[in-house]
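[1] could you look at this predicted model? Sequence included:
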Amino acid sequence: MQKRTIVSLTLALFCASLLITGSCTKKEFRMEEGRPATGAPPEAAGQREPSKIEMSALEEEKRAEAERRAMTREQERTQMLQQEIQAFESAPIYFDFDKSTLKPPARENLTKKAKWLRANPRFSIQIEGHCDEQGANHYNLALGERRASATAKFLTGLGISESRVSTISYGEERPAVPGHDEEAWAKNRRAEFRVIQK
């Protein structure tokens with residue numbers, strides 16, 4: 001009887017020690033493949049897909065940026081075109097006294113103008129013939145017309161359509177430079193240009 005009690009106590013102590021030892025061991029966690037160790041869903045790990053609203057906002061921003069760039073390019077083109085027109089109009093050609101013959105510098109100037117007109121077919125031009133104050137008014141009006149016509153003929157000879165070139169004579173009515181000497185007269189014997197959009 002005493003032996004049985006000792007054996008029972010020994011077994012009870014052994015079982016108790018197994019239970020205590022088992023409860024003190026660290027638990028081992030396995031990380032499932034493809035999931036974070038914390039067990040958090042993919043959204044919490046920074047892998048959340050953008051929502052439809054966010055995608056729509058991004059696309060709208062891209063469209064707005066493309067429109068801004070296009071508008072900037074258009075403004076730059078318009079500004080450049082205005083500068084070209086100003087350069088075209090501010091370069092008259094000059095004639096000798098009582099002449100409508102084109103001199104070499106005038107031909108060079110007109111060749112550049114023809115190149116610009118070919119590159120910009122939506123524009124036409126008006127050529128204005130001018131004279132100095134020497135001579136009668138009606139004579140100078142006719143001389144101004146001959147100068148404008150000679151200029152137009154040269155341009156059409158370079159391939160510019162006659163429908164894009166018109167002429168007018170102001171004779172001595174619109175001097176570029178006031179004065180009554182050869183220096184002023186030389187600057188008033190000219191043809192000027194006005195660019196017209198079709």
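    Thanks, I have the structure now.
[2] and the residue nearest the centre of the protein?
    Nearest to the mean C-alpha position of the chain, by Cα atoms, centre = their mean, lies residue 73 at 1.5 Å.
[3] chain center to the helix or strand that one falls within: distance?
    For residue 73, the enclosing helix or strand under DSSP states H and E is helix 52-89. Taking Cα atoms, centre = their mean, to the nearest Å, one finds helix 52-89 lying 6 Å from the centre of the chain it belongs to.
[4] can you pull out the helices in this structure?
    Assigned by DSSP state H, the chain shows helices spanning 2-24, 52-89, 104-119, 137-157, 182-188.
[5] tell me what the helix holding residue 73 is packed against?
    For helix 52-89, the elements it packs on are helix 104-119, strand 190-197, judged by 3 or more Cβ pairs under 8 Å, 6 or more residues apart in numbering; DSSP states H and E. In short, each C-beta sits where N, CA and C put it, glycine included.
[6] and the longest one with strand 190-197, angle?
    Going back to what we said before, that points to helix 104-119. On the basis of axes from the mean of the first three to the mean of the last three Cα atoms, to 10 degrees, helix 104-119 is oriented at 0 degrees to strand 190-197.
[7] pull the residues that contact helix 104-119.
    84, 88, 91, 93-95, 102, 123, 125, 151, 154-155, 158-160, 164, 191, 193 (Cβ atoms under 8 Å, 6 or more residues apart in numbering).
[8] mind doing that once more with 7 Å?
    84, 88, 91, 93-94, 123, 125, 151, 154-155, 158-160, 164 (Cβ atoms under 7 Å, 6 or more residues apart in numbering).
[9] still on that earlier bit, pLDDT score assigned to the residue nearest to the centre of the chain?
    At residue 73, the model reports a pLDDT of 86.
[10] same thing with residue 147?
    You'll see residue 147 listed with a pLDDT of 99.
[11] go on, residue 130?
    For residue 130, pLDDT reads 99.
[12] excluding chain neighbours, what is closest to it?
    Spatial nearest neighbour of residue 130, excluding adjacent residues (Cβ to Cβ, 6 or more residues apart in numbering): residue 190 at 5.0 Å.
[13] neighbours of that neighbour, how many?
    Other residues near residue 190 come to 22 when the count uses other Cβ atoms under 10 Å.
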